[in-house]
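*Asks:* Quick one, structure for this:
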Amino acid sequence: GSTYPTIGIPNPDTIAEFKIQTSLYDAGYGRNPGANVNVVTKSGTNALHGTGFEFFRNTDLNANDFFRNRSGGSKQVLNQNQFGGTLGGPIKKDKLFYFASYQQTWQKNGIAQGGYSTGITLPPIPNGDRSNTAAFTQALGASFCPGNHAGNSSFLTNPGGGGAGTGMQVACDGSNINPIAVKFLQAKNADGTYFIPSSGTSNFQSGITYSQPAYDKEYQGMLNLDYLMSAKNTIAFRFYRSWEPQSLSFLGASYLPGTPATDPFGYHNMVTKLTTIVNNNMVNELHVSYQRTTTDAYQHPPTSTYASNIYPNTPVGSNFLGGGLPFSPVISIPGFFQAGGSSSNDETVHNFQAQVGDQLSWNIGKHTVRFGGEFEQVNWFWDYQGLSHGITAFQTFDDFLIGLPGGCGAAAVGVCNGSNFSNVLNTNNFAVRSGPGGIVHGYKARNGYAFVQDDFKVSQRLTLNVGVRWEYDGLMADKYGNATN
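*Replies:* The predicted structure follows:
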């Protein structure tokens, strides 16, 4: 998922300088641990300057992966075009300047995880058409009953992982195969392939990989304005905007194809700063800024797997956990595959932070003193519908075919598997009942800080850095009252 979007990254031609501090911060920095990164972007001048660039990468120019080449695999697709330019100059000579940039990135990637799935083991589902339920169910029984695979534990159920061969086993005529499992196996993807494909052999086939390129595009722009109001006052304005829609074929390793996802990221950053030279020894900097990040990450399972098409008595457009997504739970068989996408996707996350702050710098003798503070308002809207998607995990493929509860007495077709444990291994924590709109949060918090820093130059060889910092990290409240257990 994309619950915590990152930050926008301006193209290198816009950067004038940057500084990374990993330790030894003074009191002017704080709020979070870790590295501190300061980036200064370029400004316009009285002279007109510009740049243009194009970075190109293509599959035809790439070398094949060593191991893939050794096993006879073809090159995977990786095409990328990254182009743009900058332009800076005067709007009014000696008074008002601009600097603008644009960058566009287009990538088709069948190597990274979003376009490449590995570590899949496919089951020996009978080849051919699966639409005749009676004939297909009988063929399934012949393919997966332990009696036809003596000594092969891969064809045994293992409820709860307590021991292979316990409880009900798949009958050779398929008479005890769960009709819900049959519906999943009959479901098709948008391209006509089966939702759960076959190994094409009489046994399980491991080491299966799929390469279906993912697409990433970014449209990025920046505008900087600098206005010299007077000899003592300067206003600087910075605005950055990036829109990055992604189309992913896979959301994780061992995922089967057929459930693509869209994951668009948006970034807005603005800062306006008034710099005032109070006198020869004193400078004041007043700033107002905001940052906004957005993502609307959703996946698109085939309609044939929607809950209303798989599970009896499920209303169209909903699922049986009460959410507004019409999806069936994800099917997960660890060590084999995962079908139906991810159980932790499908969310809308919009973050907004606004700050206002001031800093005064004062040179007095051997002392360089800085003091100031900042107030911050944080709003975080989060609509998480993915928790009602759900997941059902199974120890083996035969457990998936039986799909019955345990600890309920003797084995009975369609009622109980006869063991102490369910064939469903777990539903993990991503199976939460919610309202039709998902689990909606409207988080708000207020933060602030103040500091005093003195850099005292005792001598040419010794400088003392002394500072005090106070921070207020406000408690987060939920507008909709969903911040409680």
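*Asks:* Secondary structure element for residue 308, which one?
*Replies:* helix 307-310 (DSSP states H and E).
*Asks:* helices or strands up against that helix?
*Replies:* Contact partners of helix 307-310 among helices and strands, from 3 or more CB pairs under 8 Å, 6 or more residues apart in numbering; DSSP states H and E: helix 179-186. The C-beta positions use only the backbone N, C-alpha and C, and glycine is treated the same way.
*Asks:* next one: the helix holding residue 308 to chain centre, how far?
*Replies:* 27 Å (CA atoms, centre = their mean, to the nearest Å).
*Asks:* Show me what counts as buried in stretch 452-467.
*Replies:* Neighbour-count burial for stretch 452-467 flags 452-455, 467 (criterion: 16 or more other CB atoms under 10 Å).
*Asks:* Report the two of those separated the most.
*Replies:* Across these, the longest distance by CB to CB is 11.5 Å; it joins 452 and 455.
*Asks:* Find residues that contact each of these two.
*Replies:* Common neighbours of residue 452 and residue 455 (criterion: CB atoms under 8 Å, 6 or more residues apart in numbering): residue 369.
*Asks:* going on from the lowest-mean-pLDDT helix or strand in the chain, what's the next piece of helix or strand?
*Replies:* Lowest by mean pLDDT, DSSP states H and E among the helices and strands of the chain is helix 66-70, with a mean of 82. With elements assigned by DSSP H and E, the helix or strand that comes after helix 66-70 is strand 78-92.
*Asks:* Can you give me the buried ones in that next one?
*Replies:* Buried residues in strand 78-92 (16+ other CB under 10 Å): 78-79, 82, 84, 86, 88-89.
*Asks:* Include distance to residue 130 and pLDDT when you put these into CSV, please.
*Replies:* Below are the buried residues of strand 78-92 laid out as CSV (distance: CB to CB, whole Å; pLDDT from 0 to 100):
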residue, distance to residue 130, pLDDT
78, 35, 93
79, 36, 95
82, 45, 96
84, 50, 96
86, 57, 97
88, 63, 97
89, 66, 97
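*Asks:* Go through those and say which is closest to residue 143.
*Replies:* Of the buried residues of strand 78-92, the one sitting nearest to residue 143 (CB to CB) turns out to be residue 78, at 37.9 Å.
*Asks:* how close does that closest one sit to residue 260?
*Replies:* 19 Å (CB to CB, to the nearest Å).
*Asks:* How about residue 365?
*Replies:* For residue 365 relative to residue 260 (CB to CB), the value is 66 Å.
*Asks:* Same question for residue 198.
*Replies:* 21 Å.
*Asks:* higher neighbour count, these two?
*Replies:* Using other CB atoms under 10 Å as the criterion, residue 198 and residue 260 rank with residue 260 on top: 21 against 17.
*Asks:* List the contacts of the more buried one.
*Replies:* With contact taken as CB under 8 Å, 6+ apart, residue 260 is in contact with 247-249, 299-300.
*Asks:* Kindly report the same for residue 398.
*Replies:* Taking CB under 8 Å, 6+ apart, we find residue 398 in contact with 144, 146, 155-157, 169-170.
*Asks:* for the residues you listed, which one is nearest residue 67?
*Replies:* residue 155 (30.6 Å).
*Asks:* I'd guessed that closest one sits against residue 149; true?
*Replies:* Yes - contact criterion CB atoms under 8 Å: residue 155 and residue 149 qualify, at 4.2 Å.
*Asks:* surely residue 125 meets residue 141?
*Replies:* No - using CB under 8 Å, residue 125 is not in contact with residue 141; the gap is 11.9 Å.
*Asks:* what stretches of the stretch 201-350 of the chain score poorly on pLDDT?
*Replies:* The stretch 201-350 of the chain contains residues with pLDDT under 70 at 322-323.
*Asks:* Determine the three-state secondary structure at residue 407.
*Replies:* Secondary structure state of residue 407, per DSSP: H, G, I helix; E, B strand; the rest coil, is coil.
*Asks:* Is residue 185 in contact with residue 140, as I believe?
*Replies:* Yes - with contact defined as CB under 8 Å, residue 185 reaches residue 140; the gap is 7.4 Å.
*Asks:* hey, what's in contact with both of those two?
*Replies:* residue 125.
*Asks:* Can you report how many residues lie near the closest residue in space to residue 245 that isn't next to it in sequence?
*Replies:* In space, not counting the residues next to it along the chain, residue 245 is nearest to residue 264; the distance is 4.1 Å by CB to CB, 6 or more residues apart in numbering. Using other CB under 10 Å, residue 264 has 16 neighbouring residues.
*Asks:* how close does residue 264 get to residue 77?
*Replies:* Taking CB to CB, one finds residue 264 at 22 Å from residue 77.
*Asks:* and if you look at residue 199?
*Replies:* In terms of CB to CB, residue 199 sits 25 Å off from residue 77.
*Asks:* what do you get for residue 201?
*Replies:* For residue 201 relative to residue 77 (CB to CB), the value is 28 Å.
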